[in-house]
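Participant: From the sequence below, what's the structure:
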Amino acid sequence: MPNIVVLVKQVPDTYSERKLSDSDHTLDRESADAVLDEINERAVEEALLIKEAQGGEVTVLSVGPDRATEAIRKALSMGADKAVHVSDPALHGSCVLQTSKVIAAAIGKVDGVDLVIAGNEATDGRSGAVPAILAELLGYPQLTHARKVTIEGASIKVERETDEGITHLEASLPAVVSVGEKINEPRYPSFKGIMAAKKKPVETFTVADLGIDAGEVGLANASSSVLEAAPKPPRAAGQRVSDEGDGGVKIAEYLIAQKLI
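Facilitator: Have a look, this model is predicted:
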């Protein structure tokens, strides 16, 4: 019966206007509606499918501000059993290396982890690096960009789709798996699930609770940062071509002038 940890993240809704803050060029999370990242819903769904087939327990883990509890509760309402939430102002502006170190330490607070499931990349930062960094820190094999996951005893098999074809991966548990959009279709939380989620345990940690010094995380100590940012310029008006029998020629001339053909 595998003990599964699923990494979840609250991100700005892709249908909202997203922007960076003027003060330090970090993501302005207050300027847009916040949702559970869609790829994380698929990660939670995959964990639940494994649990339904083989038993075990599903813990969701999130690193984020206090409002990230909304995303955590949605994952719990889908069927996860409990949650771990790392929330600390010192984490503001942390890079992927710092964030991965914090996640690894938080996973250490969960007993007997057999499998860590993550999305292949978040829709806000889009680094796509956390699963691989996390696997290195934990000393686990990494099976990334999975479109199918199978667990047989103490081994795990993954199908990864690439432009060249299907790659078959196999490793021993414990392991880190990242999933892509083709892995499954996530379920909708039921009313019963939403009500039950309110009573499920959520354990909250600060970086100090994880044995990490606040001076090791945050924007001032990040390995990467945004030095300058400017809003996207407004879209310019297009050029209309009137077809008076020579429309094709006019379009070709325009494309030639733009050095497109």
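
Participant: can you dump the C-alpha coordinates of the longest helix along the chain into CSV?
Facilitator: Among the segments of the chain that qualify as a helix by DSSP state H, the longest is helix 38-54. Taking only C-alpha atoms (Å, rounded to 0.1, in the frame of the first residue of the first chain), the coordinates of helix 38-54 have been written out as CSV:
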residue,chain,number,x,y,z
GLU,A,38,-4.5,22.3,-13.3
ILE,A,39,-1.5,20.0,-13.7
ASN,A,40,-1.6,19.5,-10.0
GLU,A,41,-5.2,18.3,-10.2
ARG,A,42,-4.0,15.6,-12.6
ALA,A,43,-1.2,14.7,-10.1
VAL,A,44,-3.7,14.4,-7.3
GLU,A,45,-6.0,12.3,-9.5
GLU,A,46,-3.2,9.9,-10.4
ALA,A,47,-2.4,9.5,-6.7
LEU,A,48,-6.1,8.8,-5.9
LEU,A,49,-6.3,6.2,-8.7
ILE,A,50,-3.3,4.4,-7.3
LYS,A,51,-4.8,4.6,-3.8
GLU,A,52,-8.2,3.2,-5.0
ALA,A,53,-6.4,0.3,-6.7
GLN,A,54,-3.8,-0.6,-4.1
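
Participant: which outside residues touch that helix?
Facilitator: Here helix 38-54 makes contact (C-beta atoms under 8 Å, 6 or more residues apart in numbering) with 1-2, 4, 6-9, 56-58, 60, 71, 74-75, 78-80, 115, 117-123, 149, 151, 179-181, 183-187. For every residue, glycine as well, the C-beta is placed using N, CA and C.

Participant: Please save the CA atoms from the next helix-or-strand element following that helix in PDB.
Facilitator: Taking DSSP states H and E as the definition, the helix or strand that follows helix 38-54 towards the C-terminus is strand 57-63. Coordinates of each C-alpha in strand 57-63 appear next as PDB, following Å, rounded to 0.1, in the frame of the first residue of the first chain:
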ATOM      1  CA  GLU A  57      -2.600   7.200   1.800                       C
ATOM      2  CA  VAL A  58      -2.300  10.400  -0.100                       C
ATOM      3  CA  THR A  59      -0.800  13.500   1.400                       C
ATOM      4  CA  VAL A  60      -0.800  16.800  -0.500                       C
ATOM      5  CA  LEU A  61       2.100  19.200   0.100                       C
ATOM      6  CA  SER A  62       2.200  22.900  -0.700                       C
ATOM      7  CA  VAL A  63       4.700  25.700  -0.200                       C
END
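
Participant: Relative to strand 57-63, what are the paired strands and their orientations?
Facilitator: Strands adjacent to strand 57-63 in the sheet, as given by DSSP bridges, are strand 3-7 (parallel), strand 82-86 (parallel).
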